[in-house]
Structure formats: C-alpha cells, structure tokens
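> fold the stuff below for me.
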Amino acid sequence: VLVQICRGLAGVTEDSVYLSPAPLYHAAPLRWSMSMTKLGASLVIMEKFDPEKYLHLVEKYRVTHSQLVPTMFVKMLKLPPEVREKYDVSSLQFAIHAAAPCPIPVKQQMIEWWGPIIDEYYAGSKGALHATRPDLSSLGDVGKLDEDGYLYLTDRKAFMIISGGVNIYPQECENILITHPKVADCAVIGVPDEEFGEAVKAVV
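Numbers count the residues shown, from 1 in each chain. Modelled structure (predicted):
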C-alpha cells in the first residue's frame, strides 16, 4: 500500500531523491525508505537529525521527497533566518509528516517557507497487533472534522490528563509552549495531586 501511495500521491519516480532524516530502526523511516527503493528512487539517510544538516542535504542532493515529524519542523523554524535562507530547498516536491499532531502555526510557517507541498498522515505500527479484532483496532487518536471535511488530530486519549474532573489534552499545551522562541522542546504530563487527582506539569 505504501508503494502505491509513494507512486500515486507523492509522484515518486526513478528520478526522485528521498531524504530520510531519521535512522532506519524507526518503523516509518524504514518503511518509507523501503518503498522508495522499490520504486528506484535514490536515498539519502541521516543517522541523526540536525536541522541545518537536513537543509544542506536537500540542497546538495536536490532532494525531492522526505518524511518528517513535527519536531523536525520546529527545529528548522528555530534556526536563525539567515541560516534557513542560505539553503535552496526548491527541489522539494513532497514532504509528508506524522508521528504526532503538528501545531497549526508550525504547519502554516512550513507551508509559507516550502510551499504547498506538505502532506500529513496518521497511523500506528502497533495497529497490526489488532488485525484479528478489527472492532478493537482503534489507536485512541483524538481529533475533529471541520465543516470542509478536513481532519485535525489533536492528541491521543491515553495521554489525557484528568484534573478535578476536567479533561486536559497535553498536546494543546505543548503546541502553545513549543512556538515560543526560547523553548527548544517541551513535554506536558500529568502528575499525582492530592486535591485534583492529577495536575498538569510542563517539562521545558
């Protein structure tokens, strides 16, 4: 199925150059790289993500396709403007991301920078474990559909914090924190609280 997506949706051909910014022991980078190989594309594999190195490789190898995660977008956007602007990324035709909800401001900034070439998908490598029980095969993703039928993923139900009977989704808090220029990364978690059951804690 992924080979068909690469060929049909992403337009991969033998002339394509795919950049994997993550090591191949992760499920998505491995599967995308295997699919690109089956279609005859050239591959550039990063052992570890570095935002400026990524941009350098896009320019050097005239990369056309890439699969990323939102954290990588954030790290590239936090580079000084003069660093971002010195690399030519015009060869990029298709960039797809997954693994976590992407904050809307981050995605908007990436589209302004790279153009309307950014797509999104969601799935889970653990979904195969439920293949014999399709009625229990939900991964617990939480999202919403807008009036135009666009799906927005907001969090995972398992990550929800219940504080004083109120449902709090950490991703919403993280989306606000990560856009601050002085925040390199963050995680929001629930911690035990005698009065409210759980309290919200941000690790910045």
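
> can you count the residues close to Asp185?
13 (other C-beta atoms under 10 Å). Quick note: C-beta positions are derived from backbone N, CA and C, even for glycine.

> same question, the one 5 residues further on
Counted with other C-beta under 10 Å, residues neighbouring Gly190 total 18.

> could you look up the SS state of it?
State at Gly190, reduced to three classes by DSSP: H, G, I helix; E, B strand; the rest coil: strand.

> and what of Val58?
Here Val58 is recorded as helix under three-state DSSP.

> measure it to Glu85 for me?
Computed as C-beta to C-beta, to the nearest Å, the Val58 to Glu85 distance reads 13 Å.

> those two - which one has more neighbours?
Using other C-beta under 10 Å, the more surrounded residue of Val58 and Glu85 is Val58, with 24 against 11.

> centroid-nearest residue for the protein?
Central residue of the chain (C-alpha atoms, centre = their mean): Val69, 2.5 Å from the mean position.

> wait, it sits on Ala95?
No - Val69 is beyond contact range of Ala95, at 11.3 Å (criterion: C-beta atoms under 8 Å).

> wait, what's in contact with the residue nearest to Asn175 when sequence neighbours are not counted?
Nearest non-adjacent residue to Asn175, counting by C-beta to C-beta, 6 or more residues apart in numbering: Pro103, 3.8 Å away. Taking C-beta atoms under 8 Å, 6 or more residues apart in numbering, we find Pro103 in contact with 70, 74, 174-175, 178-179.

> name the member of those residues with the most neighbours.
If you rank the contacts of Pro103 by neighbour count (other C-beta under 10 Å), Glu174 sits at the top with 24 neighbours.

> how much space between that one and Ser33?
According to C-beta to C-beta, Glu174 stands 28 Å off from Ser33.

> what's the answer for Pro192, then?
According to C-beta to C-beta, Pro192 stands 42 Å off from Ser33.

> the two: which has the busier surroundings?
The neighbour comparison of Pro192 against Ser33 (other C-beta under 10 Å) goes to Ser33, with 20 against 8.

> can you pull the pLDDT of the more buried one?
As predicted, Ser33 sits at a pLDDT of 93.

> any idea what the nearest residue to it once chain neighbours are set aside is bridged to?
In space, and not counting its chain neighbours, Ser33 is closest to Ser20: 5.2 Å by C-beta to C-beta, 6+ apart. Ser20 forms beta bridges with Ile45, as assigned by DSSP bridges.
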